[in-house]
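S.K.: how would this look folded up:
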Amino acid sequence: MNPVRHSDDRPKRRRIEREFGVPFPGEIVDEARWTRTALKKLPESGPLDWRDLFGRDAAKIIDVGCGNGRYLTGSAVWRPDHDHLGVDILPVVIRYATRRANQRGLTNIRFAVIGGQELLERHIQPHTVSEIHCYHPQPYHRPEDYSKRLITSRFLALVHRALRPGGKFFVQTDNAGYWHYLQSVMPHFFEFQPQSTTWPDAPRGRTRREIIALHHGYPVFRGIGSSRSGMNESALLDISSRLPPPLFDAGAPPGELDRLEHA
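M.R.: Reported below is the predicted structural model:
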C-alpha cells in the first residue's frame, strides 16, 4: 500500500515573478518572513550610519536612479555579504522596489526617495563605498531641461569621492548623446572601460529598460570606471570645474521604448 502524503508534505511551488518573460531576481517567501526595506527618513544632516542601518560592517553598494530595484535586488540576493542602498527621486518606483525586496525577505538592502547627487553630497562619507551603479539616467530631450541631467562632472567628482580606492562605477544608457558625453568626461576621474557586450550576470538585461531595449533591438551602451588614485577632493573639484556641462543633443525621445517601459 502506498503511504499517504499529507497536504503539508507536498513540495511548495517556487514563487517567481517575471518581467517581459525574464525572471525577477529572488523568490517570494512566506509572508511571515517578509522584511521592511524602505528607508523612510535620512539624516537631516551628516552621513548615513550604515552600521546602524544594517547591524554590521560590510562592503557597500549604491544604485543611483534604481527604478523598480531589479538590479539591486538581484545583487542583494546573490551577494548577501554586501549591503545595498537604492535611491530614486520617484516615490512610485521606490514603492515597487521595496515591495519586491520585502517579499524576498532581504535584510541587506534599503531603498530611499532622494536624488543621487544629494545623497552623495550630504550623506555618504568619502572612500566608503565599493560600487556605485547608474543605469539609464534620464537624458531630458528639451534644451530647457538640460540642467536636470544627473551625470555632470560635479556628480562624477562626488562618485569618485564616495568610492573606496579602486572602487567601481557602473554606468549604462540607451541614449547615444549621453554616451558620447560620458566617454569624454569619465576618463578624467576613472580608468574607464566600455563594456562591448551585455553584463555577464544578466545577458537578457540588468534593468527593466535594458530588457525592453534588447528585446526590441535598441542599442545599449555600457561602461565600468575604476576610480583613479591620487586625487583628493580639491583636485576633483578643480577638474570638474574645467569640464563641460552635459549640454549634448539627446535627439528625439524613443517613443516606443518609453511607452513599453511604462506600460
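
S.K.: mind listing what Leu257 touches?
M.R.: Counting by CB atoms under 8 Å, 6 or more residues apart in numbering, Leu257 touches Asp174, Arg209, Ile212, Ala213, His216, Tyr218. Where you see a C-beta, it was placed from the backbone N, CA and C, and this is true even at glycine.

S.K.: Just the buried residues of the longest strand anywhere in the chain, please?
M.R.: When the chain is parsed with DSSP state E, its longest strand is strand 163-173. For strand 163-173, burial by neighbour count (16 or more other CB atoms under 10 Å) applies to Leu163, Gly167, Lys168, Phe169, Phe170, Val171, Gln172, Thr173.

S.K.: which is the next helix or strand following it?
M.R.: helix 176-185 (DSSP states H and E).

S.K.: which secondary structure elements does that next one contact?
M.R.: strand 163-173, strand 221-227 (3 or more CB pairs under 8 Å, 6 or more residues apart in numbering; DSSP states H and E).

S.K.: what are the bridge partners for the nearest residue to Lys168 once chain neighbours are set aside, then?
M.R.: Among residues not flanking Lys168 along the chain, Glu131 sits closest, at 4.9 Å (CB to CB, 6 or more residues apart in numbering). On the basis of DSSP bridges, Glu131 takes part in beta bridges with Ile61, Lys168.

S.K.: Ser75 versus Glu131, what's the distance?
M.R.: According to CB to CB, to the nearest Å, Glu131 stands 9 Å off from Ser75.

S.K.: and if you look at Leu257?
M.R.: 24 Å.

S.K.: can you check Glu44 too?
M.R.: 29 Å.

S.K.: In terms of packing, which of these two has more residues around it?
M.R.: Ser75 (23 against 6; other CB atoms under 10 Å).

S.K.: Name all residues that make contact with that one.
M.R.: Listed by CB under 8 Å, 6+ apart, the contact set of Ser75 reads Ile61, His82, His84.

S.K.: mind checking how far it is from Gln138?
M.R.: 22 Å.

S.K.: got it, and Gly251?
M.R.: From Gly251 to Gln138 the distance is 14 Å (CB to CB).

S.K.: quick one: low-confidence parts of this structure?
M.R.: Counting by pLDDT under 70, the chain contains low-confidence residues at 1-13.

S.K.: Need the three-state assignment for the residue nearest in space to the middle of it.
M.R.: Central residue of the chain (CA atoms, centre = their mean): Asp63, 2.8 Å from the mean position. Three-state assignment for Asp63 (DSSP: H, G, I helix; E, B strand; the rest coil): strand.

S.K.: For stretch 138-151, output the C-alpha coordinates as PDB.
M.R.: Only the C-alpha atoms of stretch 138-151 are listed here, as PDB (Å, rounded to 0.1, in the frame of the first residue of the first chain):
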ATOM      1  CA  GLN A 138      17.100  60.500 -17.800                       C
ATOM      2  CA  PRO A 139      18.600  62.300 -20.800                       C
ATOM      3  CA  TYR A 140      16.000  65.100 -20.900                       C
ATOM      4  CA  HIS A 141      15.400  65.900 -24.500                       C
ATOM      5  CA  ARG A 142      14.200  69.500 -24.300                       C
ATOM      6  CA  PRO A 143      17.000  72.200 -24.000                       C
ATOM      7  CA  GLU A 144      15.200  73.900 -21.200                       C
ATOM      8  CA  ASP A 145      15.600  70.700 -19.100                       C
ATOM      9  CA  TYR A 146      19.300  70.000 -19.800                       C
ATOM     10  CA  SER A 147      20.200  71.400 -16.300                       C
ATOM     11  CA  LYS A 148      18.300  68.500 -14.800                       C
ATOM     12  CA  ARG A 149      20.700  65.900 -16.100                       C
ATOM     13  CA  LEU A 150      22.200  63.800 -13.300                       C
ATOM     14  CA  ILE A 151      25.600  62.900 -14.600                       C
END
